[in-house]
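Q: here is the input, now give the coordinates:
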Amino acid sequence: MARYRGPKQKIARKFRDPIFGHSKAFDRKNYAPGQHGKNKRGKLSNYAIQLMEKQKAKAIYGILERQFANLFVKATKIKGVTGTVLLQLLESRLDNTVYRMGFSPTRRGARQLVLHKHVLVNGSPVNIPSYQLKPGDIVEIRERSKSLEVINQSISSRNPKYSWIEVDKANLRGKFLHYPEREDIPENIKEQLIVELYSK
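A: All right, here's what the predicted structure looks like:
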């Protein structure tokens, strides 16, 4: 599958933003990757800025172009501010919610848990990372997967607190309460630039 599996911090340096969390590599090389990254000059066009913002959002949530474009089309058909609705749809993906609940230290890891059928939604196994959760949905780790070291290490080291999800760490279970408000989403994304890009 055409999914980036290389060094994550190269992507973060490309956007000049630690989108995958703090890294010493990012501190040492706070400039774009590549042979000429340090000495790159020139002002970016509006189109380039908008395109980079879209690419950053795709990198953060780990999705491909077609999926992202389809989500944008879906967002335009839902009542509300298109940019905010787009982020709400990204946040309500199953893999992202598993990550937000603390069952995995990364979104990549959460995606793997979903693909390998370690996750149940409302009591049924779901192995589709892009599955869209609805308010009231219960997400939990399957009974025979609760002993997995990667899950237990993640849930013990992370303390997720998000207003739109409720987590029962003892039973490895969580509830998707409602779609998040824009100010509650911590990701540094300028969604209006993405809307402008797709509106051209």
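
Q: quick check, pLDDT for Ala48.
A: Ala48 carries a pLDDT score of 88 in this model.

Q: any idea how far Ser145 is from it?
A: Distance from Ala48 to Ser145, counting by CB to CB, to the nearest Å: 44 Å. Where C-beta positions appear, they are placed from N, C-alpha and C, glycine not excepted.

Q: who has more neighbours out of the two?
A: The neighbour count for Ala48 versus Ser145, taken as other CB atoms under 10 Å, is higher for Ser145 (18 against 11).

Q: what's the closest non-adjacent residue to the more buried one?
A: Closest residue to Ser145 apart from its sequence neighbours, by CB to CB, 6 or more residues apart in numbering: His118 at 4.0 Å.

Q: Gly102: what's it in contact with?
A: 154-155, 158-160, 167, 169 (CB atoms under 8 Å, 6 or more residues apart in numbering).

Q: burial of Tyr47, as a residue count?
A: 11.

Q: tell me the contacts of it?
A: Applying CB under 8 Å, 6+ apart, one finds that Tyr47 lies in contact with 197, 200.

Q: tell me the domain ranges of this protein?
A: Domain assignment for the chain by automatic domain parsing gives 8-82+188-198, 93-178.

Q: helix or strand for the nearest residue to Thr106 once chain neighbours are set aside, which one?
A: Closest residue in space to Thr106, ignoring its immediate chain neighbours: Tyr99 at 6.8 Å, by CB to CB, 6+ apart. Assigned by DSSP states H and E, Tyr99 belongs to helix 94-100.

Q: quick one: least confident helix or strand in the protein?
A: The helix or strand of the chain with the poorest confidence is helix 24-28; it has a mean of 57 (mean pLDDT, DSSP states H and E).

Q: how far off centre is stretch 73-83?
A: In terms of CA atoms, centre = their mean, to the nearest Å, the centre of stretch 73-83 is found 19 Å from the chain centre.

Q: got the buried residues for that stretch?
A: Neighbour-count burial for stretch 73-83 flags 75, 82-83 (criterion: 16 or more other CB atoms under 10 Å).

Q: so which of these are in helices?
A: Among the buried residues of stretch 73-83, the members found in helices (DSSP state H) are 75, 82-83.

Q: just to revisit the earlier point, show me the contacts for the residue nearest to Ser145.
A: 141-142, 145, 148, 151 are the contacts of His118 under CB under 8 Å, 6+ apart.

Q: what residues of stretch 189-200 count as buried?
A: Across stretch 189-200, burial judged by 16+ other CB under 10 Å covers 189, 191, 193-198.

Q: same list (those) but as CSV, adding pLDDT, distance to Ser92 and secondary structure.
A: Formatted as CSV, the buried residues of stretch 189-200 follow (pLDDT from 0 to 100; distance: CB to CB, whole Å; DSSP: H, G, I helix; E, B strand; the rest coil):
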residue, pLDDT, distance to Ser92, secondary structure
Ile189, 91, 15, coil
Glu191, 95, 15, helix
Leu193, 95, 22, helix
Ile194, 95, 17, helix
Val195, 95, 19, helix
Glu196, 95, 23, helix
Leu197, 94, 22, helix
Tyr198, 91, 20, helix
